[in-house]
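S.K.: can you look at this prediction? I've put the sequence above it.
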Amino acid sequence: MATITNPILTGFRPDPSIIRVGDDYYIATSTFEWFPGIMIHHSKDMVNWKIIGHVLNTVEHLDMRGMDNSEGVYAPALSYADGKFWCCFSNVHSCRGGTWMSTPAYVVSAEDIKGPWSKPVSIGNYGFDPSLFHDDDGKKYMLNMVWDGRKNTDFFGGIILQEFDPEKGQLVGDDKIIFEGTKLGCTEGPQILKKDGWYYLITAEGGTSYDHAVTVCRAKNVWGPYEVHPHNPILTSRHQDDAELQRAGHGFLVETQNNEWFLSHLCGRPIADPDNQANTLKYGQGRCTLGRETALQNVEWRDNWPYVVGGTTPRIEIQAPKLAAHPWAEEASRDDFEHAKLADKYQSLKDPFDESWFSLTQRPGYARLVGRDYLYSRYNQSLLAQRLTAFNCISETAVEFEPKSPRQMAGLVAYYSRGGHYFLKSSANDAGQQTVQLVGDINDEYQEYTDEILVGTCQRIYMRLELDTQWYQFSYSLDGSNWQKIGPTLNATFLSDEGSGDIFRFTGSLLGLFACDLTGKHIPADFDYFEYKVLD
């Protein structure tokens, strides 16, 4: 019997929105401040998945200039109707603080999942989790959570519904709160499924940490009233410290060609709390260094209600659907930058890749990054990064760079946020002599883990980063053969949602290549390759 091993999408792939179109399955996941926005994954068998692109590829689609960590694109929602793909999203600004936040929400559409996608159409600013429901009578409805910034509220004001006119490109008629949520609170992520005359409203509740859950309610009319599932929530790992998949929530249902049902959901795989090094627990209230990931669960229907097979606790291994196996070609671990187009796995911070700061053609066979702002800035970082997807892995690059000032630097980065990263840099001292140094920023405090180490005049410097579950170790080499460890082992758990006092942390760690030039001369750094190998 074929099985699915969870998570199906590892490393910073939260808020999965799943659909089936014919024999094809697609999942869209949140990207927050990373560009391009909304990552799309494709499968034919629900076992094997690959990234096929992004929805929001231009600044006209997604303008995030100056946004902070964990702002940007929250919880996209895919749907398919009228021969088109539809995708709803919010572009969240000003999320920090116990007050009102700005949550402009939009819908785009495309005839092909790979685009081009239409210009964004506004669907209100109610909250950060919009979706579109296409009823079988041809009507369309916008759903969203409502953010309430008033004092003496929990900020989550229920689920709102309003009709959407695609011809006019606007919301029409009155809006209505159709579900105020359950005692779990933090009601968000609404999507509607219609089956056998019932409207099923699926929501996320409990907050996206260790109390997260999937709630289901139903009604005979899209406007309600909605009754809550008799065994709510249908999925959660709250109060289950031995569950391997924690933080389970934010789900939606999909039916296969053979009438099998599955629930997609986000989850996290924590490791031990670094404040208690003697703690050998793998799970429980630890830190999720890979961020929130995507998983699937089997679903059965009883009395017109969906139930997760085996109970409410998410499982690592589940039964795969009765579909022909469809593996994809294995992606090479090493990228030699020999093609004129970047692989779909790469993203940048806030800005699209363009020739003003990034090129694969100015020096063929190299990724050229032009130095701009430092990592702590909210503007103009020259960073090329991919997701960290495993607890044990190794990444490597070789950089050719000619710094003349300590304000010029380039190298290899482990990045969670501007206030949570580690950076092995090639730079220069005040005398213009070339150096390497390991630095970082943890909890918004700049750190220098080594002194500036003189390396002489080097045409290139090789850099390596190895992750052993919880600990990063950087190394460098001047010839690609003889490696020297640099600095202490560094705690990977600080680069996680739980690794800071900032509660607005929703992303995950990425590994990447970075160049900075604070002299204003914008000197380039040329990276010969980027290698990423999973070791477990």
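M.R.: Arrived safely.
S.K.: and stretch 1-19, end to end?
M.R.: 24 Å (C-alpha to C-alpha, to the nearest Å).
S.K.: for the record, mean pLDDT for that stretch?
M.R.: For stretch 1-19, mean pLDDT is 97.
S.K.: what does stretch 238-250 give?
M.R.: Stretch 238-250 comes out at a mean pLDDT of 94.
S.K.: contacts made by that stretch with the rest, please.
M.R.: Here stretch 238-250 makes contact (C-beta atoms under 8 Å, 6 or more residues apart in numbering) with 6-7, 14-16, 75, 188-189, 204-206, 208-214, 235-237, 265-270, 281-285, 288, 292, 295, 313-316. (Glycine included, C-beta is placed from N, CA and C.)
S.K.: strands of the stretch 251-400 of the chain, start to end?
M.R.: 261-268, 292-302, 305-308, 317-319, 334-335, 348-349, 358-359, 367-370, 382-387, 392-400 (DSSP state E, counting those that start in this stretch).
S.K.: no wait, the stretch 51-200 of the chain
M.R.: Counting by DSSP E, counting those that start in this stretch, the strands of the stretch 51-200 of the chain are 72-81, 84-92, 105-110, 121-122, 131-134, 140-147, 156-165, 170-179, 188-195, 198-205.
S.K.: so which elements touch the first one?
M.R.: Okay, so that is strand 72-81. Under the contact definition 3 or more C-beta pairs under 8 Å, 6 or more residues apart in numbering; DSSP states H and E, strand 72-81 sits against strand 17-21, strand 24-29, strand 37-43, strand 84-92, strand 131-134, strand 188-195.
S.K.: generate a PyMOL selection restricted to the buried subset of the contacts of stretch 238-250.
M.R.: Buried residues among these (16 or more other C-beta atoms under 10 Å), as a PyMOL selection:
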select buried, resi 6+7+14+15+16+75+188+189+204+205+206+208+209+210+211+212+213+214+235+236+237+265+266+267+268+269+270+283+284+288+292+295+313+314+315
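S.K.: quick one, phi/psi of residue 289?
M.R.: Main-chain torsions, residue 289, degrees, to the nearest 10: phi -70, psi -20.
S.K.: ok so, going back, could you identify which of the strands of the stretch 251-400 of the chain is most buried?
M.R.: strand 261-268 (a mean of 27; mean count of other C-beta atoms under 10 Å).
S.K.: gap between the host helix or strand of residue 441 and the chain center?
M.R.: With secondary structure defined by DSSP states H and E, residue 441 is part of strand 434-442. Its chain's C-alpha centre and that of strand 434-442 lie 27 Å apart, by C-alpha atoms, centre = their mean, to the nearest Å.
S.K.: strand partners of that strand, parallel vs antiparallel please.
M.R.: Taking DSSP bridges as the criterion, strand 434-442 pairs within the sheet with strand 420-428 (antiparallel), strand 445-448 (antiparallel), strand 453-454 (antiparallel).
S.K.: where does the stretch 401-536 of the chain have low pLDDT?
M.R.: Within the stretch 401-536 of the chain, not a single segment meets pLDDT under 70.
S.K.: the closest residue to residue 350 other than its chain neighbours: neighbouring residues, count only.
M.R.: Of all residues not flanking residue 350 in the chain, residue 64 sits nearest, at 4.4 Å (C-beta to C-beta, 6 or more residues apart in numbering). By other C-beta atoms under 10 Å, the residues close to residue 64 number 24.
S.K.: try residue 33
M.R.: Neighbour number of residue 33 under other C-beta under 10 Å is 23.
S.K.: also residue 356?
M.R.: 12.
S.K.: I figured it hits residue 369, correct?
M.R.: No: applying C-beta atoms under 8 Å, one finds residue 356 not in contact with residue 369, separated by 11.1 Å.
S.K.: torsion angles phi and psi at residue 492?
M.R.: Dihedral angles (degrees, to the nearest 10) for residue 492: phi -70, psi -20.
S.K.: ok, now how distant is residue 260 from residue 2?
M.R.: As judged by C-beta to C-beta, to the nearest Å, residue 260 and residue 2 stand 12 Å apart.
S.K.: mind listing what's buried along stretch 238-247?
M.R.: 238, 240, 243-247.
S.K.: and if you look at stretch 45-61?
M.R.: 45-47, 49, 51, 54-57, 61.
S.K.: how far does that stretch sit from the chain's center?
M.R.: On C-alpha atoms, centre = their mean, the centre of stretch 45-61 falls 12 Å from that of its chain.
S.K.: sorry, back to before: residues shared between the contacts of residue 356 and residue 369?
M.R.: Common neighbours of residue 356 and residue 369, using C-beta under 8 Å, 6+ apart, do not exist here.
S.K.: can you give me phi and psi for residue 497?
M.R.: Residue torsions, per degrees, to the nearest 10, at residue 497 are phi -60, psi -40.
S.K.: next one: it from residue 266, what distance?
M.R.: 11 Å.
S.K.: what's the local residue count around the closest residue in space to residue 351 that isn't next to it in sequence?
M.R.: Leaving out its chain neighbours, the residue that sits closest to residue 351 by C-beta to C-beta, 6+ apart is residue 35, at 6.0 Å. Residues lying near residue 35 (other C-beta under 10 Å) number 23.
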